[in-house]
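In: show me the folded form of this:
(2 chains)
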Amino acid sequence: MRFVVFSDDLTGASGVASLIGKGSVTIPFHNINKINLKDYGFVSIDMETRVSEPGYSGKLFDKLIKMFTDVTFTFRMDSTLKGNIKEYLTILSKYKKIIITDTIPEYNRFTKDGFTIMENNKLNIKKLIPENSVNEIKIMDSRNYNDLKKITLKCISENYIPVDSGILIKLYFEDLKFNK
Amino acid sequence: MVIYIIKCGIIIGTRRKETLQQIKFLLLNNIKIKNRSDEIGNIDLFYFPENSRKSLISPEFIDKLKKYDVLILSGGYTAYFFLNSSGFISIENKESIMPLVSIGVIHGGILNNKIVILKGGSIGNNDIYLKIIKTLDADTVNSPHE
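Out: Residues are numbered from 1 along each chain as shown, chains lettered A, B, ... in the order given. Got it, this is the predicted structure:
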């Protein structure tokens, strides 16, 4: 096991794992003791907290992170910014500096000036940034794979952890694997 | 030449505007809602709006789906409640069909070894399901443990 991604729902967890494909597994957190996670290079955990009360989501996330501090980990956020994202970012920022972007070039979805831009819609990422984060949280513009690759390199070279709906996490994981 | 026909069950449980348009597109393409039928076609649709969740997770329904080669689940709640009710443990993932449309093999429970495709409710245009099905071939079904 080299990498663990935490998501708050099953389709999201499976979506990011399937970007990696072979060698990845998706598992709800209540089952994590039922398989040997070390058999997989990429473990995607569904925390099952999409509709949980604020407070519980963060506590569970923190508890799960403490089980995986010996591997690289991050959080996968919903592509339409659903769930208690602010709370997860607060917890994750205790451990790492974070770069967020929310771009899926295939669906013409991109990030500009702190917003996710979609066809006929615009979502505010800025409002999800906690005011009192322990480490820095930066939102970066991106529109295509070239931009996402540049962000990946920044994450690697400046020790940020990527948070997005999946593609940046995949690029980061692949780069990390290549460099080890 | 052997032509392998994959039997595919599509299970939808959301009522988002985009999802309803995707359902309409399936119906216009002669794919039928089979909630109340035991007849198995090549592509069948099962639709469970929020007030019929009990049927979605009933043992009879889950058992009926064993007859399909591939199951496509749309929406986070639908996937979560359905797969948990089947007793699954994990999904061993394969390379995705398109971003955030995952494919994998179910491990554990009544549907052990079945191919499953999960799609977020907001993902894709009206023709997304037919696009997904077009990418499936005999290899998808016959090599679940590659």
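In: kindly export the lowest-mean-pLDDT helix or strand in chain A (C-alpha atoms) in CSV.
Out: Lowest mean confidence among the helices and strands of chain A (mean pLDDT, DSSP states H and E): helix A:167-179, at a mean of 90. The C-alpha atoms that make up helix A:167-179 are tabulated as CSV, following Å, rounded to 0.1, in the frame of the first residue of the first chain:
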residue,chain,number,x,y,z
ILE,A,167,-7.6,13.5,-12.0
LEU,A,168,-5.0,15.6,-10.1
ILE,A,169,-4.9,12.9,-7.4
LYS,A,170,-4.2,10.3,-10.1
LEU,A,171,-1.5,12.4,-11.8
TYR,A,172,0.1,12.9,-8.4
PHE,A,173,0.0,9.2,-7.5
GLU,A,174,1.6,8.3,-10.8
ASP,A,175,4.3,10.9,-10.4
LEU,A,176,5.0,9.8,-6.9
LYS,A,177,5.2,6.1,-8.0
PHE,A,178,7.5,7.0,-10.9
ASN,A,179,9.9,9.0,-8.6
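In: now what about it, what contacts it?
Out: With contact meaning CB atoms under 8 Å, 6 or more residues apart in numbering or on different chains, helix A:167-179 is reached by A:2-3, A:5, A:16, A:19-20, A:41-42, A:72, A:74, A:76, A:99, A:101, A:103-105, A:142, A:145, A:148-149, A:151-153, A:155-156, A:161-163, B:99. From N, CA and C alone the C-beta is placed, and that goes for glycine too.
In: stretch B:125-137 now?
Out: With CB under 8 Å, 6+ apart, stretch B:125-137 has contacts from B:4, B:6, B:8, B:10, B:21-22, B:24-26, B:29, B:43, B:70, B:72, B:97-98, B:101, B:117, B:119, B:124.
In: now do the same contact list for residue 104.
Out: Assuming you mean chain A. A:S79, A:S165, A:G166, A:I167, B:P99, B:L100.
In: try again with chain B
Out: For B:G104, the contacting residues are A:S14, A:A17, A:S18, A:T26, B:I91, B:E92, B:N93, B:K94, B:I115, B:V116, B:L118, by CB under 8 Å, 6+ apart.
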